[in-house]
Each structure stands twice: as structure tokens, then as C-alpha cells.
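Chemist: I'd like to go over a predicted model; first the sequence, then the structure.
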Amino acid sequence: MDAETVAPTAAMTRSPYYQQWIDYRRAFEWVGDEVGTKRMEYPAVPGATFDGKMIVMPTGQATGESVAEGDRVFQVFEGSAEFTIDGKIYALDYLDLISVPAGSRFSYMNVGLSNLVMCGLFAHPDTPPTEPVAVEHMVWAEYSREFHWTLPFAEKWGFHRGSGPLIRPPGLRGHTVRMIPGQSTPWHYAPRDLMFVPIKGEVEFESANQAFPLGPRDMLLVPAFMPYKWSNYGLQEVVFLSIGGKLEPGKKGAYFASNPGWPIDPSVKQLQIEVDIYGDAKIVNG
């Protein structure tokens, strides 16, 4: 078997991080010292190179301006937001995504008539890029037309799922994913930590010999090189955010013909993959 299939020793010391909304919803902290600057921040899910958390901001509130120490990505789950990044204004609504490059001055406010509910991803500080990095503003009304159904086995009934276009500042890489009921995925791993947060519907992940049912605002982090699969056992389409840290040069994921177990069983067949034109994995055999 290909040596890449065997997880690095460091991966064996880590476990999935599972945080359910029913439990962590009571653990919020109010952030903002002045009137008009209040928001609720929930416990962070810690990754090796990034953290992720839910943020709720009441209507009429705003943050002060700050500098992004590392790359940031935000996705709106409910409500409307207005981000100001280096003096330019960006309007966000349901399922819109935005990246805030490291070193940018930014703030945001709730310009809607209901609570703003967002997921925020925060890359740990890294070496500053040598060239300016552009803001990526992905509007659902536009990128919803750009989903593709080319993920491994996605053309086969039982594995049907859609992958939205990637948002990819240097320190983070992710997208919106959708799957109708009764579908699943092959077993696979990524060479970087991945975090999953449902926005609508429910999805169940299997990893490290455990099952992790996720509903809206539940959060799961699967460590790098740990095989997993996900399935929609619900009664409606699931829509969720899938995002992880930066992709290290020379490292790639793996797909398996069956459950490789954990630790990985080296006798389980690994499928040959390549990167497709959308930046996702594509199986070239099996």
C-alpha cells in the first residue's frame, strides 16, 4: 500500500472534536465594552492551524475596527451583515461567505431586523504573504449556480452530493456542501484538519470508530489524516459549511474502497485520485 495511506504518528494522538449546540449554547460570552458593540461568542472548536466558533449579534450592534492577525472567513447562517474591510463595504445575507485577509483592518455590523448568526473561522497567525491578498466575497445568489457534482463517486446514486466553489485565502480553504436524503460518501481523509457545521438539515459523520450526528450549529472537527465519511439519514437536504486549514505543499488526501478503520488497516484498497479543475479530488480508478 502507498505510504501516504498510513497516518503520521502525530495523527494517532488526536481525536475528533465534537461540540453540540444543545450543550454549548449556554456557554456564550458577551463581547463588546460599549453600548452598540455587543455580540455573543460561543466556545471555539480548536484546530491545529485555525479555530472556529459561532457568533450571534443582535440587531443594531457593530464591532469596532480591528486588524486580522490571521486570515478570517465568515459565513452568514441567519440575518444580514455589513462588513467593512480596508474601507470597502460588503453586504452579506443567508449563506454568503467572505474572507478577511491577514493584516486587513475590518469591522462588521448587523444591519438586519433580526439576530445575525454567523460562523467565524480564524487562521492562526502565519508568515505574512509577500503580495497583497484580495478579499473573497461569495454571494449565495451567484455561487449557488456554481455547484458541481464531481466529487468522488458523486455521479453514482447513493453518493450524490454537491460541492460549492471554494473560498481560499492562504490560511483557510472551504466551501458550502449540499446533499439530498439517502446519500453518503466514500471513506476518505484530508491532510489537514477539517471542520463541519450544518446550516440546514442533519448529517451524520463516522470517524475514529464513532458516529457523530450533526444538526444546525453542531460542530465537528476531524483531524488531519483521519478517515471519515458522512451520510444524510434525515428527511430533507442538508446544507453545511466544510472548511479547514491551509493545504500544505506536497500533501494530499486519500480515498478508500471500504472502511479503513482507525488506526488505518493497510490492507484496505486505496483509490487513485487526482485534483480536478474545481480544486477537488477526483477518482481516476476504482
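Modeler: That came through fine.
Chemist: Name the SS class of the residue of the chain most remote from its centre, please.
Modeler: Taking CA atoms, centre = their mean, the residue of the chain most remote from its mean C-alpha position is Val35, at 32.0 Å. Under DSSP: H, G, I helix; E, B strand; the rest coil, Val35 falls in the coil class.
Chemist: shift numbering so it begins at 488
Modeler: Fine by me, first position is 488 from now on; the one you just mentioned is Val522.
Chemist: Please report the distance of it from Val709.
Modeler: 41 Å (CB to CB, to the nearest Å). Where C-beta positions appear, they are placed from N, C-alpha and C, glycine not excepted.
Chemist: again, but for Glu689
Modeler: On the measure of CB to CB, Glu689 and Val709 end up 17 Å apart.
Chemist: What of Phe609?
Modeler: Distance from Phe609 to Val709, by CB to CB: 18 Å.
Chemist: ok, the two, which is more surrounded?
Modeler: Val709 (27 against 21; other CB atoms under 10 Å).
Chemist: dump the residue contacts of the more buried one.
Modeler: Pro503, Tyr676, Ala677, Asp680, Leu681, Met682, Phe683, Phe692, Ser694, Tyr715 (CB atoms under 8 Å, 6 or more residues apart in numbering).
Chemist: Next: Ala677.
Modeler: For Ala677, the contact set (CB under 8 Å, 6+ apart) comprises Val709, Ala711, Phe712, Gly731, Gly740.
Chemist: got it, and Tyr505?
Modeler: Applying CB under 8 Å, 6+ apart to Tyr505 gives the contacts Phe699, Asp705, Met706, Leu707.
Chemist: Out of those residues, which comes closest to Pro619?
Modeler: Met706 (31.6 Å; CB to CB).
Chemist: That closest one: how many residues sit nearby?
Modeler: The burial count for Met706: 25, using other CB under 10 Å.
Chemist: looking at it, it is touching Ile509, isn't it?
Modeler: No. The criterion here is CB atoms under 8 Å, and Met706 misses it with Ile509 at 12.0 Å.
Chemist: picking up where we left off before, among the contacts of Val709, which one lies nearest to Ala628?
Modeler: Nearest to Ala628, judged by CB to CB, of the contacts of Val709 is Phe683 at 23.9 Å.
Chemist: Is the closest one within a helix or a strand, and which one?
Modeler: Taking DSSP states H and E as the criterion, Phe683 maps to strand 681-687.
Chemist: thinking again about what came up before, and the contacts of Ala677 as a markdown table, adding distance to Lys756, secondary structure and pLDDT?
Modeler: Converted to a markdown table, the contacts of Ala677 look like this (distance: CB to CB, whole Å; DSSP: H, G, I helix; E, B strand; the rest coil; pLDDT from 0 to 100):
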| residue | distance to Lys756 | secondary structure | pLDDT |
| --- | --- | --- | --- |
| Val709 | 21 | strand | 98 |
| Ala711 | 22 | coil | 97 |
| Phe712 | 18 | coil | 96 |
| Gly731 | 25 | strand | 98 |
| Gly740 | 15 | coil | 90 |
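Chemist: Can you tell me which of the residues you listed is closest to Trp644?
Modeler: Nearest to Trp644 out of these is Gly740 (CB to CB; 23.5 Å).
Chemist: so how many other residues sit close to the closest one?
Modeler: Other residues close to Gly740 by other CB under 10 Å number 20.
Chemist: and if you look at the one 3 residues further on?
Modeler: The burial count assigned to Phe743 is 21, neighbours taken as other CB under 10 Å.
Chemist: swap in the one 4 residues further on?
Modeler: Residues lying near Pro747 (other CB under 10 Å) number 23.
Chemist: gap between it and Tyr505?
Modeler: 20 Å.
Chemist: cool, Ser567 as well?
Modeler: Computed as CB to CB, the Ser567 to Tyr505 distance reads 30 Å.
Chemist: Just give me the residue closest to the centre of the chain.
Modeler: Nearest residue to the geometric centre of the chain (CA atoms, centre = their mean): Ile730, 2.2 Å.
Chemist: In space, what's closest to it - neighbours in sequence excluded?
Modeler: Leaving aside its sequence neighbours, Ile730 sits nearest to Gly661 (CB to CB, 6 or more residues apart in numbering; 2.5 Å).
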